[in-house]
Structure formats: structure tokens, C-alpha cells
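Enquirer: take a look and give me a structure for this.
(2 chains)
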Number of protein chains: 2
Amino acid sequence: MNENVIKAALLGFGTVGTGVYKVLKNQEKEMSAKIGCKVEIKKILVRNIEKAAAKIEDASLLTSQWDEIINDPEIEIVIELMGGINPAKEYILSALKAGKHVVSANKDLIAVHGHELLDAAHESKVDFLFEAAVAGGIPIIRPLKQCLAGNHMTEVMGIVNGTTNFILTKMTQEGMEFKDALALATELGYAEADPTADIEGLDAGRKVAILASVAFNSRVVFNDVYTEGIAKITSKDIHYAKEMGRDIKLLGVARNEADGIEAYVCPMLIPSSHPLATVNDSYNAVFVHGDAVEDAMFFGRGAGELPTASAVVGDVFDIVRNILAGCCGRIGCTCYKNIPVKKMEDTHNRYFLRLKVEDRCGVLAEMTAIFAKYQVSVAQIIQKDTKVEGCAEVVVITEKVREGDFRTAIEELRNRDSVRKISTIIRVYGK
Amino acid sequence: MNENVIKAALLGFGTVGTGVYKVLKNQEKEMSAKIGCKVEIKKILVRNIEKAAAKIEDASLLTSQWDEIINDPEIEIVIELMGGINPAKEYILSALKAGKHVVSANKDLIAVHGHELLDAAHESKVDFLFEAAVAGGIPIIRPLKQCLAGNHMTEVMGIVNGTTNFILTKMTQEGMEFKDALALATELGYAEADPTADIEGLDAGRKVAILASVAFNSRVVFNDVYTEGIAKITSKDIHYAKEMGRDIKLLGVARNEADGIEAYVCPMLIPSSHPLATVNDSYNAVFVHGDAVEDAMFFGRGAGELPTASAVVGDVFDIVRNILAGCCGRIGCTCYKNIPVKKMEDTHNRYFLRLKVEDRCGVLAEMTAIFAKYQVSVAQIIQKDTKVEGCAEVVVITEKVREGDFRTAIEELRNRDSVRKISTIIRVYGK
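Expert: Purely as a prediction, here's the structure:
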């Protein structure tokens, strides 16, 4: 084995895989000066060799046989970019057990089985790093584990899905409706053929699970995260929100409260003056709050070939530095607490509620009486003089209330004859 | 020596020193689980023990004798928060030579003597970390050295001085003039009794030197950085800038161009839609551009007791992890290139120019003829119908032009009878 070269294998050669290959090529001349040795991709695992061959000069690197990688003692680092649970999980586990270091961008896997993978890495004293699994190129996992380690983090939240942020930006800036904005996102390649994981908030939910685990030193898995998508948002909601000084964003939120962790993804109104309100198009941003650092925000490209590759290669270089310094596994799992995760109905939120009511005297009184019964206080209310289908449209922003109580109030409202339609309910971020 | 405790000394017990002490106290219960052992402050070096005793429960930690720290083999980490060049430099160098690790927030020192300090750390195989020296609590040094190591960074710029950002925010949002905003900043404790280092851009210049060195892997020292302050900015300039879709911020800019590094601090107009335009009050933000990550931004508190302590303690914890993993000095100096730094007159910029000219036919033609002679193209121009002291006020934004050529054009303008006064020249950020 050449002392000045560390060999790695790529699993998967899709968008991020080609990006990692390019970024390593771009760094080739400087690597030795920068990190003490060269990193060479020795093998690339692909399903279809012929298809992949079109994307690379030296097709001899391609293989469809995992055995060629796991059994090659020269390969010290495995870079998993295939996505999905299987066979990625088996491959990663067997690589770790074989003493190989692993870098992964696989949020689906880590949000569910992260614990098992980190344990396996710990047992073999190797590194398992996953900076690219959350918010693409934006450095966030390492800053949380290292730079901000002197904090008790109380909140980590943000815009962690570029597809939905693009859609909401188009709806906000150009008044488009959801389905037209989605069609545009698909046309431009921002949305996948099956956009469910993005628009239903599942992708963001996986990232929230990982972020919460790292920020609060306590394991949160995907199943703990409540998710709600943006398909129900209309340009009318966005318009009313603006009138109330707010924008609508799909937020992933994790909060470490006295009675447990809150973790959810849902569209939310945020003040237009909040730094996240200006994060538009496919950009991502993660906002954190800690007892020492106070507020901090990390902004950048949450996806894409080269930005995601930037995070992957950062991890690879870190592993190389660990190998050369003889300190592999230097920072492993940081979940040393066991904090319960709260049910969504036990969280306290403010709500934006748009509804159609009968246009007669006493209806508002009826509505607010039901609110009062369940401790729902009104913070802002708009009722325009214009009638819609013979009804008055009322838009309310409430004060903070327990979600379970709010839901009961809504059910009671829904059963009143005077309430013709509950058009939208959206949570409101902030105190 | 107790295996589970690593002992440290604080040099200086001012704002950041007390902050570090508090943050370590706040982390006391969790430290062992988080990083593998406890960190205990064994000694605190102060000039005046009596004064410092009021700030701490256990006054026996206080000493005015450096000998008690440098000669104590139990003290493995020295945390230098005294500021200034001397005696901080001697203390740090002797600590490093004695095999002690050093964390420093001392930008004045690092921006000038960083090389020597990092070399000394390398020789002794110890760590010298300085995350807190730039942008307070915001993680930026470690993200650049590790997370973004797979990039060729082409630009790092931002708002890295909270005092001037507070002043400019007040001038922008409340129409205050510079001296009133400075008086308010002083009253609120944002500006020091002698605010020169802040308002003249010297503090920001030191941070730019450090950021450029880390981002471009090539040494830039304070002396290489051109600095210009904000005292000349008037609310009128801000008003005209707004009219042209821009805000005025004190920016620190470092760019890695084909013909060398550009590094400067000066007030600049930036588009109001730029993420940095919304960074207000005493907040800081650093914007970076790399060939892989594209744009990324780091935002947060650039100063203050606990935010700065957050960065210091992050470094201390990293050293502890290195000590326990046996890999001290794992990442040292990353300046392996030797790129020249350009003179300010060789940089290319756009300019905002406000001037008073004689109110007669042909004056604009005269002005634009001089511009044309030196390749200065006009991008935007405003001349209002209102006359000021019998003169017309003209505001121009130019296209990009070599600074040296622009300066010559301005000298020629200044000598014309028709030009009564060149009121302001401010650079414009962007293409």
C-alpha cells in the first residue's frame, strides 16, 4: 500500500456520486498539502455498468459486485451514496465491521438506523460521518458536534427541503397556486417524478430527526417526527399571511423543552423580518439557539451535485486526517441522553385559521366563546367587507395554546351550522 | 493527575473570560458524557486580584503571576483572553513551547503573528485554536478548515464588526446621522470609549486577514488588508443608496482572483435583496463562495460574553477530544500556498459617487467625458430637480473599473471648476 494514497470506494454514481468524483479530481493537486495525502477512488459500485460508463473516463473503476469492494483490504473508506434502506444498510454495516470508514449522505437510513450504524462504527473504532445527510452542502452536523459543543441547544429549526421552498417561493413571489408551482418545480428538475417525500414533509422529517439527535444529544428517529405537507397551502393563505406581516415556509422544528423534545415538520407562518423569511428558492437554512451562542444560522445549498459533494468530501478529508493522526472514531455518537419526544397534541403553538362563517350578527361571538372554552386566545383577526359565497371570510391568528385543546375547539367549531368551512389551519412560528 | 479531569488556565477575566468560566460551569454535569472528561479551570491570571475577586466565588483561583501557570505541569490548556500583542504573545509562545495547548480569541495578535504561533504549536505537537477570534460565536474557522475543505474557496466576505453594523442599522432604519448613532452605540455599550478600531475598520481588517488566510490556504496579514471606516457615511448616502435598491454595510471582503488575493474593509453598497442586507444591529454574518459548495452563509452573534465563550469552549472541547484520542496538533496551519496580495489600486470595483456640480448646461457632458477617458462607465445616475447651494447634486453608480483608474478620474474631476464638491465615494459590492 502506498503511504501517500488512501483508497476509497463509491457506492452509487448518481448525481452526488459524480459530484464527489469531480470534487476529488478538482482537489487532486492540493490534497497532499491540505490533508497530508491523496484520496483515490479505486472502485465505484453501480447497478448498470454500461450506463455508468458514459459518465466516467476510466470505466475500469466500475463494478456491480459489492464483494470486490468489501473484500479489498486496500479500500479504507466507503462512500455510500445509493440512498434507501436496503442494501445500503447491509453494505454500511459490513464495511464498518470490516474496519472500513464510512461516509454517507443517506438521511432515510440514518434517521431510522443511525444508532445501529454509529454503534457498529464505535465497535470497530472507525468513523461514520454524515454531514451531507442534512441540508446538503451546509456545514451543520460538525458545527453542532464541535463548535457549539459548549451549549445546551434549546432549538434547531429551519428550511431543510429545497423543493418545497422553491414551490412556496413561487407561490409567494408570483402568486402561483400549489399545483402550478409544483409543475414548474418538476419541469426545472427541482421536484422528483414522485414528489411525495418532499411535498408531504417526509424528507424534511428525516433531517429533523438527525438534527434533533445531534443538537440535543438524545436520539430522535423519523417515526418520532410529526410531518405535514404543503399541498393544502393556497395563494390566498400566503396573501393573508403577508397582510399579517408573515411569510409561509415549510419548517422543520426541534425544540428541547422542560417536558421533552418537540419534533415536527409543517408549513408555518414566520415573521417577514425573521432571517429565514428571506431564504428563498431552493436554498436551505438551519437556525439554532443555544444557551451560550444565542441565535445562529447556517445558510446555503441544501441539495445539488457539487454542494452535496462538498459536504461528502469534507467528511472524507476528516477521515483521512484521523487515519494519519491515528485517531479514528475520535467523535462518534453524541447521544448520551434519553429525553422523551412529546406527542404533537402536547405541543403548544399559535395557529393561523381561515374559515367561512355565516354572515350574521353573533357569529363571531359564538366562535370566540368556543375558543374561550378551550383557552384559545385571539391575537389578530381580519374580516374583510367582501363576501365569499354569501359568507364572511374570517382569518385569525391565536395566541399559544396546547395543540390538543386547539384541535378540540376546531372540532366543536366544525359542528356549528354557522361555520360553513374551515379552509386552512397553519401553525405560526414564534412566541 | 486525575485521569478524568483536564486542567486549564484562563489568561484574563474580562467579559469573555467570565463568559468562558460560566459556560464551563453550565457544562459541568454533561462534560464527561459529551467529551470524555471534565475540564477544570485551575488558575486565572489577572492584573488586579481584588477587582477580579468580586466576579468569582472561589478567589483562590486568581493569580497575578504567570509563573504559577507556565510552571504548573497539571495545566494542559491555556485560554488566552487578554487581548493585545504583549504580553499575550510571549505567554502563548512560552505555553506552546512548554507543551501546553492554547485557545485564543486574540485577533489583533493572530492577524499579525498567527504564522509564528501556529509554527510553535506544530513544533510542540500541540493545538493552537482560535475560532473565537473571528465573528464571535459563529462557527467559521472550523467549517472552513474541515467541512469546506473540498472546495477551492474564491470568496469570503461579510459583516464582521457588530459596532459599525449597529451604527449603520440605526442610520438606515431611523435616519440618524453617524455621530448620533455612535453616541447611542457608546451609551448602550456597543462601542468602546475609544471606538477607533471599530469605526475605522481596523477590527474588521484583522478578521479579514484571518479569514482570508484560512479560506485561501495562503497567509494574509493585517498589513495586507486595506481598511476604510464609516465615519464619512451620511444618512443622505444611505437614502440615495436605498433609492438605487441598495443598503450600505461595512464589509470585510477577501477574494481569491487569478492575479492574487484582494483583501479590504470598507463601507459598501449591497443589493437590498442580498442575504447580508438583512443582517442588522450587532449581528455578524460571513458569506463564502467555493467551487463546490457555491454560496453559503454563517450568521450569529459576533461578540458578547456568552456567544464568544461558546466558540472558546468549542475549541477547548476539541482539544480535550484530541488529548483523549492522542492526536494533538491534528489540524494545524493550513497555509500551504503563497499567493500575492493585490494593492487596492489594482482591484476592480464599482463605485457610488455623490457630487455637487455647477448647475449649467454641459457639466454632465464634461464629467462623463473625463469618466470615458479612464474607462469609467456609468451604470446608474440620479440628478434631482432640487438645487443644493445653487448646485445640482448628482449621484452615480459606475460599472466595474480598476480602482487606480477611477482614482485618477476623480482627481481630474476634483480639479474642474464645474465640480464644486465630491461629497462621497463608496464602493459597490457585486458584478
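Enquirer: count of residues packed around A:T424?
Expert: Taking other CB atoms under 10 Å in any protein chain shown as the criterion, the count of residues near A:T424 is 19. Where C-beta positions appear, they are placed from N, C-alpha and C, glycine not excepted.
Enquirer: now for whichever residue of the stretch 1-150 of chain A sits closest to chain B, how many residues are close by?
Expert: Per CB to the nearest CB, A:G150 is where the stretch 1-150 of chain A lies closest to chain B, at 3.0 Å. Neighbours of A:G150 under the rule other CB under 10 Å: 30.
Enquirer: check what pLDDT it gets.
Expert: pLDDT for A:G150: 98.
Enquirer: now the phi/psi pair for it, please.
Expert: Backbone torsions of A:G150, given as degrees, to the nearest 10, read phi -80, psi 10.
Enquirer: skipping its backbone neighbours, what lies nearest it in space?
Expert: B:V313 (3.0 Å; CB to CB, 6 or more residues apart in numbering or on different chains).
Enquirer: ok, A:A277 next?
Expert: A:D247 (4.5 Å).
Enquirer: so how far is the helix or strand containing the one you found off the chain centroid?
Expert: Secondary structure assignment for A:D247, by DSSP states H and E: strand A:246-257. Strand A:246-257 sits 11 Å away from the centroid of its parent chain (CA atoms, centre = their mean, to the nearest Å).
Enquirer: quick one: average pLDDT of stretch A:411-421?
Expert: Across stretch A:411-421, pLDDT averages out at 94.
Enquirer: could you list the residues of the stretch 51-200 of chain A in contact with chain B?
Expert: Listed as neighbours of chain B in the stretch 51-200 of chain A under the rule CB under 8 Å from any CB of the partner chain: A:131, A:137-139, A:142-143, A:146-152.
Enquirer: could you identify the most distant pair in the residues you listed?
Expert: Among these, the pair separated by the greatest distance (CB to CB) is A:G137 and A:H152, at 27.4 Å.
Enquirer: higher neighbour count, the two?
Expert: A:G137 (32 against 16).
Enquirer: gap between that one and A:V253?
Expert: 22 Å (CB to CB, to the nearest Å).
Enquirer: A:E155 too?
Expert: 8 Å.
Enquirer: so for these two, which residue has more residues nearby?
Expert: Higher neighbour count among A:E155 and A:V253: A:V253, with 25 against 18, using other CB under 10 Å.
Enquirer: the more buried one against A:I261, yeah?
Expert: No - counting by CB atoms under 8 Å, A:V253 sits too far from A:I261 to count as a contact (10.6 Å).
Enquirer: surely A:E192 meets A:D198?
Expert: Yes - counting by CB under 8 Å, A:E192 touches A:D198, with 7.0 Å between them.
Enquirer: spit out the residues that contact the two alike.
Expert: A:T163 (CB atoms under 8 Å, 6 or more residues apart in numbering or on different chains).
Enquirer: higher neighbour count, those two?
Expert: Taking neighbours as other CB under 10 Å, A:E192 and A:D198 compare with A:D198 leading, 25 against 13.
Enquirer: element containing the more buried one, please.
Expert: Counting by DSSP H and E, A:D198 is found in helix A:196-199.
Enquirer: could you list the buried residues of that helix?
Expert: For helix A:196-199, a neighbour-count test (16 or more other CB atoms under 10 Å in any protein chain shown) marks A:197-199 as buried.
Enquirer: cool, stretch A:65-76 as well?
Expert: Judged by neighbour count using 16+ other CB under 10 Å, the buried positions of stretch A:65-76 are A:66, A:69-70, A:72, A:75-76.
Enquirer: count of residues packed around A:C333?
Expert: If you count neighbours by other CB under 10 Å, A:C333 ends up with 18.
Enquirer: report the contact partners of it.
Expert: A:115, A:118-119, A:122.
Enquirer: what helix or strand is the closest residue to chain B within the stretch 301-431 of chain A on?
Expert: Closest contact between the stretch 301-431 of chain A and chain B, by CB to the nearest CB, is at A:V313 (3.0 Å). According to DSSP H and E, A:V313 maps onto helix A:305-325.
Enquirer: which parts of the stretch 101-250 of chain A are helices?
Expert: Remark: helices assigned in the stretch 101-250 of chain A by DSSP state H, counting those that start in this stretch are A:107-124, A:141-142, A:162-174, A:178-187, A:196-199, A:202-216, A:235-243.
Enquirer: can you dump the C-alpha atoms of the longest one in PDB for me?
Expert: So that's helix A:107-124. Output in PDB follows, covering the C-alpha atoms of helix A:107-124 (Å, rounded to 0.1, in the frame of the first residue of the first chain):
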ATOM      1  CA  LYS A 107     -30.900  10.500   5.500                       C
ATOM      2  CA  ASP A 108     -33.600   7.900   5.100                       C
ATOM      3  CA  LEU A 109     -31.300   5.300   6.600                       C
ATOM      4  CA  ILE A 110     -29.600   7.400   9.300                       C
ATOM      5  CA  ALA A 111     -32.900   8.900  10.500                       C
ATOM      6  CA  VAL A 112     -34.100   5.300  11.300                       C
ATOM      7  CA  HIS A 113     -31.000   3.200  11.900                       C
ATOM      8  CA  GLY A 114     -28.400   5.800  12.800                       C
ATOM      9  CA  HIS A 115     -27.900   4.400  16.300                       C
ATOM     10  CA  GLU A 116     -27.000   0.900  15.000                       C
ATOM     11  CA  LEU A 117     -24.600   2.300  12.400                       C
ATOM     12  CA  LEU A 118     -22.800   4.600  14.900                       C
ATOM     13  CA  ASP A 119     -22.600   1.700  17.400                       C
ATOM     14  CA  ALA A 120     -21.000  -0.500  14.700                       C
ATOM     15  CA  ALA A 121     -18.500   2.200  13.900                       C
ATOM     16  CA  HIS A 122     -17.700   2.600  17.600                       C
ATOM     17  CA  GLU A 123     -17.100  -1.100  18.000                       C
ATOM     18  CA  SER A 124     -14.700  -1.200  15.100                       C
END
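Enquirer: so for it, what gets flagged as buried?
Expert: Applying a neighbour-count criterion of 16+ other CB under 10 Å, the buried positions in helix A:107-124 are A:107-114, A:117-121, A:124.
Enquirer: I'd like those residues laid out as CSV, including pLDDT.
Expert: Below are the buried residues of helix A:107-124 laid out as CSV (pLDDT from 0 to 100):
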residue, pLDDT
A:K107, 97
A:D108, 97
A:L109, 98
A:I110, 98
A:A111, 98
A:V112, 98
A:H113, 98
A:G114, 97
A:L117, 98
A:L118, 98
A:D119, 98
A:A120, 98
A:A121, 98
A:S124, 98
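Enquirer: from those residues, which is closest to A:F287?
Expert: Taking the buried residues of helix A:107-124 together and measuring to A:F287 by CB to CB, the closest member is A:K107, at 18.8 Å.
Enquirer: the closest one against A:K207, yeah?
Expert: Yes - the pair A:K107 / A:K207 is scored as a contact, 5.8 Å apart, by CB under 8 Å.
Enquirer: average pLDDT across stretch A:83-90?
Expert: 97.
Enquirer: my error: substitute stretch A:376-390 in the last question.
Expert: Across stretch A:376-390, the average pLDDT comes to 86.
Enquirer: give me the distance between that stretch and the centre of its chain.
Expert: Remark: stretch A:376-390 is offset 34 Å from the chain centroid, using CA atoms, centre = their mean.
Enquirer: and what of stretch A:257-266?
Expert: The mean C-alpha position of stretch A:257-266 is separated from the chain mean by 15 Å, CA atoms, centre = their mean.
Enquirer: over to stretch A:386-395?
Expert: Put simply, stretch A:386-395 sits 37 Å off its chain's centre (CA atoms, centre = their mean).
Enquirer: any idea what A:G290 is bridged to?
Expert: A:M153, A:E294 (DSSP bridges).
Enquirer: and it, how far from B:E116?
Expert: 33 Å.
Enquirer: check A:P271 too.
Expert: 47 Å.
Enquirer: try A:S423
Expert: 67 Å.
Enquirer: repeat that for A:M344.
Expert: Taken as CB to CB, the span from A:M344 to B:E116 is 56 Å.
Enquirer: before we move on, what about A:M244?
Expert: Look at A:M244 and B:E116: by CB to CB, they are 57 Å apart.
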